[in-house]
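Trainee: everything below, folded, please.
(2 chains)
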2 protein chains.
Amino acid sequence: MIPTEVEWVGVDWGTSNLRAWGLGKCGEVSFSHVSDQGMSKLTPDAYPGVVGALLSRYLASTASRIDVLICGMAGAKQGWMEAPYLDAPADLETLVDGAVVPTMPDARILARILPGICQRASSQEDVMRGEETQLLGLATLWPGFRGVVCMPGTHSKWVQLTGRRVEHFTTAMTGELFEVLRTHSVLRHSFAGPIQGPHRDDGFQTGLTSGIEAPQKLSALLFKVRAGSLLSGRTPDWCAGFLSGLLIGAEIGALREWIAHSEIAIVGDAALAELYARGFTIVGGEARIVDGVEATLAGLKAARLQR
Amino acid sequence: MIPTEVEWVGVDWGTSNLRAWGLGKCGEVSFSHVSDQGMSKLTPDAYPGVVGALLSRYLASTASRIDVLICGMAGAKQGWMEAPYLDAPADLETLVDGAVVPTMPDARILARILPGICQRASSQEDVMRGEETQLLGLATLWPGFRGVVCMPGTHSKWVQLTGRRVEHFTTAMTGELFEVLRTHSVLRHSFAGPIQGPHRDDGFQTGLTSGIEAPQKLSALLFKVRAGSLLSGRTPDWCAGFLSGLLIGAEIGALREWIAHSEIAIVGDAALAELYARGFTIVGGEARIVDGVEATLAGLKAARLQR
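Mentor: Numbering: from 1, shown residues only, chains lettered A, B, ... in the order given. Down below sits the predicted model:
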């Protein structure tokens, strides 16, 4: 870490975690930092201190101003300072114009928080925060991309993107459903024991196919986890694979009309993206994958160049 | 309570609660009892004591034998003593033949636990415990009924019933999804505050219609709860109604092909059954309602007459 080379700092401030990069003049990363100081653990008045600590070495050695560009949940109503949503269809060319500037105790720090995007049309109501920056990153990494962007996660986003324009999007609660069902529902009995094992992939494939074929039966298919472990001695790893495959399959099956004749990009963690890519193959789509962290960093860099 | 009139005792032993009736020679109820001593709170060796306490007054005044006929989760693997499942299609005429007889410390008590029903065909795997007794009750209360029985609850059952024969069934995790999402997911933020209120019914109707129209989009529609409270200031009661309506609607929408040209019975709690009946009306079905407790009692009586 060579703090003097830091020209500005990019921050991805999520619900659970914080990820920051120190960036040089030409966009080179001079340091990176990950912590668990996500929005869910912070009160609004705690944010300036977290940023200050992040920059402490730098601030100790200089008198010059430093930019901090932030995306994600820090801009939520329950975060640091609300950055009002842009309305979809939204132009990412001017994303930074929607940023808000919280007051910092140390005047050398200029912090800006990027906005999320919302969709207000009745029955289409939806929100994203953080993904808009990844979308800008994707549009920068793959100039001219037009198609569907699938962003798997706690709340998966599916986005119709044309260049730097977000046309339309929707959310599926896939990751969160997996977690609450695995932890809190009757299905938890089916996961007692190690959930990594030789049958996980078999369970995943079975669940994936079932979910894609009959997404409308999700609530009934979920119970097959329980019935499978009671009646057929399905192992915890098989059940975990089945549940994951079923939820991913139902997500893809429900939205399969989006991907007809479209280019597909998957933005996310490599292992999870691979699982989604298997699902797209089943419905006749071919997806290219971009690492989610890479997309975020590319998006922060692109947003900073907008001003 | 006139203990000497008790000829036998019927028990509905659920996961959370226990419900018992003292019954006379002609099936008249001489006492009834409800407690929270459900399966989830008991180890196997605790059951005889619970039954003994239930019968203590009776046992103090007589030397004769007393029958106790039990349905529900007491017969599960993790309950008192496993009563192996009957296989569907299953004949309820001989339900009692599948009962198991646990050893009782007091030899005057003859306890029998009725079996559940399972479905083993691959991808149709499913189980029920307790509902089989309600189905026998329904078949007794409405002789000759052929059609679909919807049994709403934590794990809703849909059953194709012909007289006393269970042809086929499936489970939807509707009630449990409502609970885990309301309590543990990001949607919980949308329920902060009173969830009974003037907008609940409006939210319910909106959710019900959405779920019936697009059950395959359940996972995406769930997020509308969150988006609705963030973007349109939906109140906690509206959100609770919407979530409930959406889950019930998706259940009905997914299984609507079952109800074409079929008689429909709803067996369950009156208020919940009314909500389902509204959904059936939307898809062109007309449902008759039987109270769930009444069906259980009728089923226990019918099962006892089998031997």
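Trainee: A:D106 contacts A:A60, correct?
Mentor: No. At 11.4 Å, A:D106 does not count as touching A:A60 under the criterion of C-beta atoms under 8 Å. Backbone N, C-alpha and C define where each C-beta goes, glycine included.
Trainee: more neighbours: the two, which one.
Mentor: A:D106 (11 against 8; other C-beta atoms under 10 Å in any protein chain shown).
Trainee: okay, domains of chain A per the record?
Mentor: Listed domain ranges for chain A are A:1-123, A:130-307 (source: automatic domain parsing).
Trainee: ranking those by burial, who's on top?
Mentor: Comparing those by mean neighbour count (mean count of other C-beta atoms under 10 Å in any protein chain shown), domain A:130-307 ranks first with a mean of 21.
Trainee: partners of the helix or strand hosting A:V149, with directions?
Mentor: In the assignment (DSSP states H and E), A:V149 maps to strand A:146-151. Next to strand A:146-151 in the sheet, as set by DSSP bridges, lie strand A:156-162 (antiparallel), strand A:263-268 (parallel).
Trainee: contacts made by the longest one with the rest, please.
Mentor: If I follow you right, that is strand A:156-162. Outside strand A:156-162, the residues within contact range by C-beta atoms under 8 Å, 6 or more residues apart in numbering or on different chains are A:128, A:131, A:135, A:138-139, A:145-151, A:166-175, A:251, A:255, A:258, A:265.
Trainee: could I have it exported to PDB, CA atoms only?
Mentor: Extracted C-alpha coordinates of strand A:156-162, given in PDB (Å, rounded to 0.1, in the frame of the first residue of the first chain):
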ATOM      1  CA  SER A 156     -31.300 -10.900  -8.200                       C
ATOM      2  CA  LYS A 157     -31.800  -8.200 -10.800                       C
ATOM      3  CA  TRP A 158     -32.700  -8.800 -14.400                       C
ATOM      4  CA  VAL A 159     -32.100  -5.700 -16.500                       C
ATOM      5  CA  GLN A 160     -32.800  -4.800 -20.100                       C
ATOM      6  CA  LEU A 161     -29.800  -2.700 -21.000                       C
ATOM      7  CA  THR A 162     -29.100  -0.800 -24.200                       C
END
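Trainee: so after it, what's the next helix or strand?
Mentor: strand A:165-172.
Trainee: next, see if that next one gets close to chain B.
Mentor: Yes. With C-beta under 8 Å from any C-beta of the partner chain as the criterion, chain B is reached by strand A:165-172 at A:T170, A:T171, A:A172.
Trainee: get me the contact residues on the stretch 201-307 of chain A for chain B.
Mentor: Listed as neighbours of chain B in the stretch 201-307 of chain A under the rule C-beta under 8 Å from any C-beta: A:210, A:215-220, A:222-224, A:226-228, A:230-232, A:247, A:250-251, A:253-255.
Trainee: 10 Å - rerun?
Mentor: A:206, A:209-211, A:213-232, A:234, A:247, A:250-251, A:253-256 (C-beta under 10 Å from any C-beta of the partner chain).
Trainee: equivalent analysis for the stretch 51-200 of chain A, please.
Mentor: Residues of the stretch 51-200 of chain A that fall close to chain B, judged by C-beta under 10 Å from any C-beta: A:76-78, A:85, A:116, A:118-120, A:122-128, A:154-158, A:170-174, A:176-177, A:179-181, A:183-187, A:189.
Trainee: which of those residues fall within strands?
Mentor: Among those, the residues falling in strands (DSSP state E) are A:C118, A:Q119, A:D126, A:V127, A:M128, A:S156, A:K157, A:W158, A:T170, A:T171, A:A172.
Trainee: which one among those residues gets closest to A:G284?
Mentor: Distance to A:G284, by C-beta to C-beta, is smallest for A:W158 among those, at 16.7 Å.
Trainee: distance of the residue of the stretch 1-150 of chain A found nearest chain B from B:R234?
Mentor: Relative to chain B, the nearest point of the stretch 1-150 of chain A is A:E125 (4.0 Å; C-beta to the nearest C-beta). Using C-beta to C-beta, to the nearest Å, A:E125 is found at 9 Å from B:R234.
Trainee: quick check: neighbours shared by these two?
Mentor: B:K224, B:V225, B:R226, B:A227, B:G228 (C-beta atoms under 10 Å, 6 or more residues apart in numbering or on different chains).
Trainee: correct me if wrong: the residue of the stretch 1-150 of chain A closest to chain B contacts B:A220.
Mentor: No. Taking contacts as C-beta atoms under 10 Å, A:E125 lies outside contact range of B:A220: 11.1 Å.
Trainee: now do the shared contacts for the two.
Mentor: A:T171.
Trainee: how about the strands of chain A, start to end?
Mentor: Going by DSSP E, chain A shows strands at A:8-13, A:18-23, A:29-35, A:66-72, A:86-87, A:90-91, A:109-113, A:117-119, A:126-128, A:146-151, A:156-162, A:165-172, A:263-268, A:287-291.
Trainee: could I get those strands as CSV with distance to B:T43?
Mentor: As requested, those are exported to CSV (distance: least, C-beta to C-beta, whole Å):
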stretch, distance to B:T43
strand A:8-13, 47
strand A:18-23, 45
strand A:29-35, 44
strand A:66-72, 47
strand A:86-87, 57
strand A:90-91, 58
strand A:109-113, 54
strand A:117-119, 51
strand A:126-128, 47
strand A:146-151, 46
strand A:156-162, 41
strand A:165-172, 41
strand A:263-268, 45
strand A:287-291, 50
